[in-house]
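>>> no sequence for this one, just the structure:
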């Protein structure tokens with residue numbers, strides 16, 4: 001690595017966690033300054049909608065059959081939208097209009113043409129699909145504050161007998177990605193499209209992003225999750241997310257290689273190199289948190305060497321208050 005530039009700002013590890021988990025907690029006075037309505041399905045909160053979005057919902061309601069019931073505190077669907085198909089179609093029609101108005105909906109410039117499931121406690125197959133009350137375009141999730149899911153994979157190589165004797169493969173994100181272009185990332189990561197399970201997503205992303213064949217990727221081990229809620233810089237969007245984390249020990253002679261346009265390159269780094277890049281803010285924040293999760297588990301970060309150890313460990317696992325799937329739907333999987 002090049003010599004460190006002393007003029008560059010350095011962040012504490014807790015600063016990085018705060019960048020990722022930025023929505024205020026109940027004890028934070030800032031919470032009272034925010035202006036969100038609960039997004040509700042069947043009386044169950046499933047997200048948050050900023051009040052600035054309400055005029056756009058009202059405008060969309062100006063049709064023969066209004067879609068949304070809006071009160072001072074909630075946004076819900078009108079009673080005639082009572083199942084997965086009708087709710088998903090109504091949202092899709094509205095977003096198809098909004099994507100032509102990027103001045104008001106800049107996030108839709110990163111349109112993925114990929115659906116995320118929005119889950120509910122109700123499991124009635126007559127009104128839900130795979131446990132989801134509706135599905136929504138990935139790039140629009142922040143507009144509705146719904147719980148999104150992804151997988152992150154730590155690809156690592158052992159260098160010695162101790163738990164912390166490891167190096168990790170790090171990816172640099174493509175310069176053309178709509179979010180965090182050029183920043184550092186975990187070896188493999190991806191959002192979970194509706195109808196894909198976590199392990200299937202790992203296998204798919206390993207081949208697509210790093211050219212790692214399925215028979216090797218299948219050795220990935222589930223090692224827990226990180227969870228957080230992001231607040232946008234303008235305080236108008238929230239994004240609760242859970243990342244399901246996997247570790248994959250790789251043979252020393254296997255070198256990941258970009259297969260699609262998601263990744264610029266890979267580099268095999270020591271824990272010290274990764275920590276330095278995290279302190280310099282070079283990682284996409286949630287990817288930095290996945291690295292910290294790895295370092296805690298491998299005793300690279302300990303209560304003795306990290307003053308914010310307790311805060312970091314606790315903050316990597318925010319409780320998300322919205323329903324989660326009991327079983328992952330797999331109707332899109334092809335083996």
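Great, that's in hand. Please read all numbers here as calculations on a predicted model, not as lab measurements. Numbers count the residues shown, from 1 in each chain.
>>> rest of the way, CA atoms for contacts and neighbours
Noted.
>>> Compute the number of surrounding residues for residue 102.
11 (other C-alpha atoms under 10 Å).
>>> Tell me which residues touch residue 124, please.
Each residue near residue 124 by C-alpha atoms under 8 Å, 6 or more residues apart in numbering is listed here: residue 131.
>>> Next one: it from residue 289, what distance?
36 Å (C-alpha to C-alpha, to the nearest Å).
>>> Can you list the low-confidence ranges for this protein?
Under the criterion pLDDT under 70, the flagged ranges of the chain are 1-5, 334-335.
>>> buried set for stretch 82-101?
82-84, 86-88, 90-92, 95, 98-99 (16 or more other C-alpha atoms under 10 Å).
>>> Check what contacts that stretch and list those residues.
Identification of contacts with stretch 82-101 by C-alpha under 8 Å, 6+ apart yields 60, 67, 77, 81, 105, 108-109, 126-129, 132-137, 140.
>>> Let's check: the centremost residue of the protein is which one?
residue 241 (4.6 Å; C-alpha atoms, centre = their mean).
>>> Test my guess that it contacts residue 148.
Yes. Counting by C-alpha atoms under 8 Å, residue 241 does reach residue 148; the two are 4.8 Å apart.
>>> How about residue 229, nearest residue that isn't a chain neighbour?
With C-alpha to C-alpha, 6 or more residues apart in numbering as the criterion, residue 229 has its nearest non-adjacent residue at 4.0 Å, and that residue is residue 240.
>>> Checking my notes, the one you found in a strand, right?
Yes. According to DSSP: H, G, I helix; E, B strand; the rest coil, residue 240 belongs to a strand.
>>> Number of residues surrounding it?
Neighbours of residue 240 under the rule other C-alpha under 10 Å: 25.
>>> check contacts around residue 141.
Applying C-alpha under 8 Å, 6+ apart to residue 141 gives the contacts 147-148, 239.
>>> quick check, nearest of the residues you listed to residue 316?
residue 239 (15.0 Å; C-alpha to C-alpha).
>>> so that closest one touches residue 149, yeah?
No. Using C-alpha under 8 Å, residue 239 makes no contact with residue 149, being 10.4 Å away.
>>> Could you check how far residue 211 is from residue 123?
Look at residue 211 and residue 123: by C-alpha to C-alpha, they are 37 Å apart.
>>> What of residue 331?
Distance from residue 331 to residue 123, by C-alpha to C-alpha: 16 Å.
>>> Among the two, which residue is more densely surrounded?
Per other C-alpha under 10 Å, whichever of residue 331 and residue 123 has more neighbours is residue 123, with 16 against 11.
>>> Please identify the nearest residue in space to that one, excluding sequence neighbours.
Once chain neighbours are set aside, the closest to residue 123 by C-alpha to C-alpha, 6+ apart is residue 131, at 5.4 Å.
>>> How many residues are close by the one you found?
The number of residues packed near residue 131 is 24, by other C-alpha under 10 Å.
>>> ok, now which ones touch it?
Going by C-alpha under 8 Å, 6+ apart, residue 131 touches 119-125, 325-327, 329.
>>> swap in residue 163?
So residue 163 contacts 298-299 (C-alpha under 8 Å, 6+ apart).
>>> one step back: identify the bridge partners of the residue nearest to the centre of the chain.
residue 148, residue 228 (DSSP bridges).
>>> now the helices for the stretch 1-150 of the chain?
13-20, 54-60, 84-98, 141-144 (DSSP state H, counting those that start in this stretch).
>>> and the second one, which residues are buried?
To tie it back to what came earlier, the one meant is helix 54-60. For helix 54-60, by 16+ other C-alpha under 10 Å, it's 54, 57, 60.
>>> cool, and stretch 167-174?
Buried residues in stretch 167-174, counting neighbours by 16+ other C-alpha under 10 Å, are found at 167-174.
>>> closest to residue 258 among those residues?
Nearest to residue 258 among the buried residues of stretch 167-174, with distances taken as C-alpha to C-alpha, is residue 171, at 9.0 Å.
>>> wait, what's in contact with the closest residue to that closest one other than its chain neighbours?
Nearest residue to residue 171, sequence neighbours excluded (C-alpha to C-alpha, 6+ apart): residue 266, at 4.5 Å. With contact set as C-alpha under 8 Å, 6+ apart, residue 266 has these partners: 169-172, 187, 256-258.
>>> in the helix or strand hosting residue 266, what's buried?
According to DSSP states H and E, residue 266 maps onto strand 263-270. Neighbour counts using 16+ other C-alpha under 10 Å place 263-266, 268-270 of strand 263-270 among the buried residues.
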